[in-house]
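# Generate a structure from the sequence data that follows.
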Amino acid sequence: MTFLYGLTTLRSGMLLSIVGLMFYLTACGPKPIPYSQSAEAPEPNEVAVAHYNWGMAYADQGNFGQAITELTLAIENEPGWVMPFFTLGVIYGNQGDLDMAIQAWERATQLDADFAKAHYNLAVAYSHKAEKTLSIASLREAIRVDDAALAAAKTEPAFDLIRNTAEFQELEQSTEEKPPQE
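A predicted model of the protein is given here:
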């Protein structure tokens, strides 16, 4: 009731702004966030989407602690949704917590084996940790899903440690030899 009383004391312009924002968010709000990179995955529940959106907003503001909290709540509400795991990995990776980033991206790739960006980010993180075998394996998966990952890997500074290895060279050759994807 206090909330409604507070609304009546606001200026009419502010009230119209609030009503307009509510209309925008309910009638023509943002497009739904994909449950997964996979087209056949169902949509996440509304509570999970709300926490995910709040997490993204906090991350954009640089409030990474609160972003992690909101993304964790999104996962609790929809444990099979890949995007909060991927985004958590990005936040942890940017903060330098590679172990937590790897954990999040590993879970994302378990939920969606065709999530090229998660595989690629795993490859970068493993390379930073000098885990060459795991880096190559993750990069191989990223390239399996999206050939563009190889072009990115050729210039990615994180792969300087593995670019001259026989495994990386073999990966380049095997990709160049296969026919283009349709």
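
# Ala101 - how many residues pack around it?
23 (other C-beta atoms under 10 Å). Just so you know, the C-beta spots here come from the backbone N, C-alpha and C atoms, and that holds for glycine as well.

# Provide a list of residues in contact with it.
Residues in contact with Ala101 (C-beta atoms under 8 Å, 6 or more residues apart in numbering) are 88-90, 92-93, 121, 125.

# which parts of the host helix or strand of it are buried?
Assessed by DSSP states H and E, Ala101 sits inside helix 98-111. In terms of neighbour count (16 or more other C-beta atoms under 10 Å), helix 98-111 has its buried residues at 98, 100-102, 104-109, 111.

# and that helix, what's its mean pLDDT?
For helix 98-111, mean pLDDT is 97.

# Against His119, how distant is Asp112?
10 Å (C-beta to C-beta, to the nearest Å).

# likewise Asp146?
9 Å.

# swap in Trp54?
Distance from Trp54 to His119, by C-beta to C-beta: 27 Å.

# hang on, the earlier thing: could you export the buried residues of helix 98-111 to a markdown table, including columns for distance to Pro44?
Below are the buried residues of helix 98-111 laid out as a markdown table (distance: C-beta to C-beta, whole Å):
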| residue | distance to Pro44 |
| --- | --- |
| Leu98 | 27 |
| Met100 | 22 |
| Ala101 | 22 |
| Ile102 | 23 |
| Ala104 | 17 |
| Trp105 | 19 |
| Glu106 | 20 |
| Arg107 | 15 |
| Ala108 | 14 |
| Thr109 | 18 |
| Leu111 | 12 |
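
# Of those, just say which sits nearest to Lys129.
Leu98 (5.7 Å; C-beta to C-beta).

# picking up where we left off before, tabulate the CA atom coordinates of the helix holding Ala101 in PDB.
Coordinates of each C-alpha in helix 98-111 appear next as PDB, following Å, rounded to 0.1, in the frame of the first residue of the first chain:
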ATOM      1  CA  LEU A  98      40.500 -18.800 -14.800                       C
ATOM      2  CA  ASP A  99      39.500 -21.800 -12.700                       C
ATOM      3  CA  MET A 100      36.000 -20.500 -12.100                       C
ATOM      4  CA  ALA A 101      35.800 -19.400 -15.700                       C
ATOM      5  CA  ILE A 102      36.800 -22.900 -16.900                       C
ATOM      6  CA  GLN A 103      34.300 -24.500 -14.600                       C
ATOM      7  CA  ALA A 104      31.500 -22.300 -15.900                       C
ATOM      8  CA  TRP A 105      32.400 -22.900 -19.600                       C
ATOM      9  CA  GLU A 106      32.800 -26.600 -19.100                       C
ATOM     10  CA  ARG A 107      29.300 -26.700 -17.800                       C
ATOM     11  CA  ALA A 108      28.100 -24.600 -20.700                       C
ATOM     12  CA  THR A 109      29.600 -27.100 -23.200                       C
ATOM     13  CA  GLN A 110      28.100 -30.000 -21.300                       C
ATOM     14  CA  LEU A 111      24.700 -28.400 -21.700                       C
END
